[in-house]
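**Student:** below are the sequence and a predicted model; questions follow.
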Amino acid sequence: MSKDETISIGRITGPHGIKGEVRLLPYGPLDDAFDWSGISLKTKKGDTPCNITGVRAHKDGYLITIAGYADRNAAEGLTGTELNVKRAALPPLEENEFYTFELVGAQVVTDDGRSLGSVTGIIVTGSNDVLEVNGPNGETLIPMIEQTILKIDIANRLITVFLMEGLETGKKG
C-alpha cells in the first residue's frame, strides 16, 4: 500500500441544517488529533481536493463544513460522496493497531486452516471491537481479543483466529 494511495475515511450521509453542513459517517474512529487538511471528495471525475472549514462531533459521526457549499441545496449534492485522505496523512499506529480499512476485506481462517470468509465490517463496542465476517456459513462475529485473534497479516490480508465454542453463530443448517 503506497503512501500516495488515497483512503476513504467516511461517507457523507446528507445535509444538516440550512448553512451547508453535512453529516459524515466515519468508517473508523478519528481521534481529536486527526488532520482535516488534505481531504478530497471522491467524485465520478476522481478525487477533488476540498477545504474543510468546520468540524464538530455529532451522534455517531461528525458535522463538517466544506468551503464552497454554503447552503443546504449545495450540500445535498454531496450525499453519498466519500471523503478521502492520503495514506501518508494518517497518524502512525502503535504495534498491533490497525486501521479499519486495512482489515475490511481480509480473509479469516481458523487456527486449523478452515476459511470463515472475509471481514465485512468492524463493530466498535465499549470493551473490544468485533470483526464481522461473512462466508459460506453466513455471518460470524469474532471479538478482537487476545484469546481469539492469533495473527493479523496485513501484507497478505489474512487474519488467523481461534474460534471459541459458540462463536460460529451464522452456521447454515
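**Tutor:** Received the coordinates, thanks. Numbers count the residues shown, from 1 in each chain.
**Student:** which residues does the most centrally placed residue in the chain contact?
**Tutor:** The C-alpha lying nearest the average C-alpha coordinate of the chain belongs to residue 27 (CA atoms, centre = their mean; 2.8 Å). Residue 27 makes contact with 8-11, 100-101, according to CB atoms under 8 Å, 6 or more residues apart in numbering. For the C-beta atoms, the positions are set from N, CA and C on the backbone; glycine is no exception.
**Student:** give me phi/psi at it?
**Tutor:** Here is the backbone geometry of residue 27 (degrees, to the nearest 10): phi -80, psi -10.
**Student:** how near is it to residue 147?
**Tutor:** 27 Å (CB to CB, to the nearest Å).
**Student:** ok, back up a step: ok, so of the contacts of residue 27, who is nearest residue 123?
**Tutor:** When the contacts of residue 27 are compared for distance to residue 123 (CB to CB), residue 100 wins out at 10.7 Å.
**Student:** circling back to that earlier point, mark which of the contacts of residue 27 are part of helices, please.
**Tutor:** 100-101 (DSSP state H).
**Student:** pull out the buried residues from the contacts of residue 27.
**Tutor:** Among the contacts of residue 27, those scoring as buried are 9-11, 100 (criterion: 16 or more other CB atoms under 10 Å).
**Student:** determine which two of those residues are furthest apart.
**Tutor:** Spanning the widest gap among those are 11 and 100, at 12.9 Å by CB to CB.
**Student:** any idea how far residue 109 is from residue 160?
**Tutor:** On the measure of CB to CB, residue 109 and residue 160 end up 6 Å apart.
**Student:** so residue 30 belongs to a strand, correct?
**Tutor:** No. Counting by DSSP: H, G, I helix; E, B strand; the rest coil, residue 30 falls outside a strand, being coil.
**Student:** related to what we said a few turns ago, closest to residue 48 out of the contacts of residue 27?
**Tutor:** Once CB to CB is applied, the member of the contacts of residue 27 that ends up nearest residue 48 is residue 8, at 13.7 Å.
**Student:** the closest one against residue 86, yeah?
**Tutor:** No. Using CB atoms under 8 Å as the test, residue 8 is too far from residue 86 to be in contact (11.7 Å).
**Student:** which residues touch residue 115?
**Tutor:** Taking CB under 8 Å, 6+ apart, one finds 107-109, 135-136 in contact with residue 115.
**Student:** after the helix or strand of the chain with the lowest mean pLDDT, which helix or strand is next?
**Tutor:** Ranked by mean pLDDT, DSSP states H and E, the weakest helix or strand in the chain is helix 100-103, scoring a mean of 85. Proceeding N to C from helix 100-103, the next assigned helix or strand is strand 107-110, under DSSP states H and E.
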